[in-house]
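*Asks:* Okay, structure incoming, though there's no sequence with it:
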């Protein structure tokens, strides 16, 4: 059946209902949770404890638009005294009541998908027997699982095989067109190297023929230069050079950092010494506020989408630091008079 949308309705000949709008948006977006809207309907334990969880604000598309503008608390049935169970939190479309809403499915981790009901599973909740409170370790985030939920986005599963073939043909033509010029450049370079070698051999022969005196004088000059360089590089300078290396090369690993950003964040590493509270005021050589804050060289190893490790140079090494979480994107490592702060 051919279908187009929208058209001006003249005397009611182009009337549209909700199914037409759903069909239009289904061509633009896949079903799932919007990752970039508010807190993306994340399910967490209730801050008040007890048999409750909360669903953060967010948006989902299931043929219909669902928006949760504030954090909503959901009750979990009391635990059994006999056996464990697993509940699930879903966004449910129910055409029979013309509504989209959050629901708790007791002892059920499946999703219903019929002509009238469609569900997106946000999380599963493990309910061990006799448990009296739902904690974060009992909650499994399912939003990224495309089998039961997934993230809503445009242009998924786009077939680009035609574009790949077209670009492949263009690149092949470019390569063939430049093959001749490339070979000419290579031959010219080889000829230049051969000529330079010939000229160098000729110059050396000329020096030898002009007498050993010049060669001897040059040899003496070289030896004197090396002797002067050796004298200049005394113990203190060698130590300073090693100290500079120790402040530049990131080799010392800090404890791993976990986050919930689902990606590879940019990392900034700050360092200072003798800040307030790190040692007695009389022992702070830089004054009440500690030393100036500076950025230090570092390297980052991303362990997965939710954690990473940072390495810092030897001079900033911390053996057993105290770890303090300043906010969701700032971690501070403190040991004796040293402070390293990671921002991401």
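*Replies:* Nice, thanks for sending it over. This structure is a prediction, so every number in the text was calculated from the model and none was measured. Residues are numbered from 1 along each chain as shown.

*Asks:* Only C-alpha atoms from now on, for both contacts and neighbour counts.
*Replies:* Noted.

*Asks:* quick one: strands adjacent to the helix or strand residue 300 falls within?
*Replies:* Assigned by DSSP states H and E, residue 300 falls within strand 299-304. The pairing partners recorded for strand 299-304 under DSSP bridges are strand 307-313 (antiparallel).

*Asks:* buried residues in the strand holding residue 300?
*Replies:* 299-300 (16 or more other CA atoms under 10 Å).

*Asks:* domain ranges for the protein?
*Replies:* The chain breaks down by automatic domain parsing into domains covering 18-141, 245-343.

*Asks:* The longest one: how far from the chain's middle?
*Replies:* In other words, domain 18-141. 26 Å (CA atoms, centre = their mean, to the nearest Å).

*Asks:* avg pLDDT for that domain?
*Replies:* When pLDDT is averaged along domain 18-141, the result is 90.

*Asks:* Adjust the sequence numbering to begin at 52 for everything that follows.
*Replies:* With 52 as the first residue, the last one maps to domain 69-192.

*Asks:* What's opposite residue 190 in the beta bridge?
*Replies:* residue 176.

*Asks:* Pull the number of nearby residues for it.
*Replies:* When neighbours are counted by other CA atoms under 10 Å, residue 190 registers 20.

*Asks:* what's next to the strand holding residue 351, contact-wise?
*Replies:* 301, 314-315, 318, 359-363 (CA atoms under 8 Å, 6 or more residues apart in numbering).

*Asks:* Residue 238: which of the domains of the chain is closest?
*Replies:* domain 296-394 (41.1 Å; CA to CA).

*Asks:* Return the distance of the residue nearest to residue 139 when sequence neighbours are not counted relative to residue 141.
*Replies:* Leaving out its chain neighbours, the residue that sits closest to residue 139 by CA to CA, 6 or more residues apart in numbering is residue 175, at 4.2 Å. As judged by CA to CA, to the nearest Å, residue 175 and residue 141 stand 9 Å apart.

*Asks:* now swap in residue 152 and tell me
*Replies:* 8 Å.

*Asks:* What of residue 246?
*Replies:* In this view, residue 246 and residue 141 are 77 Å apart by CA to CA.
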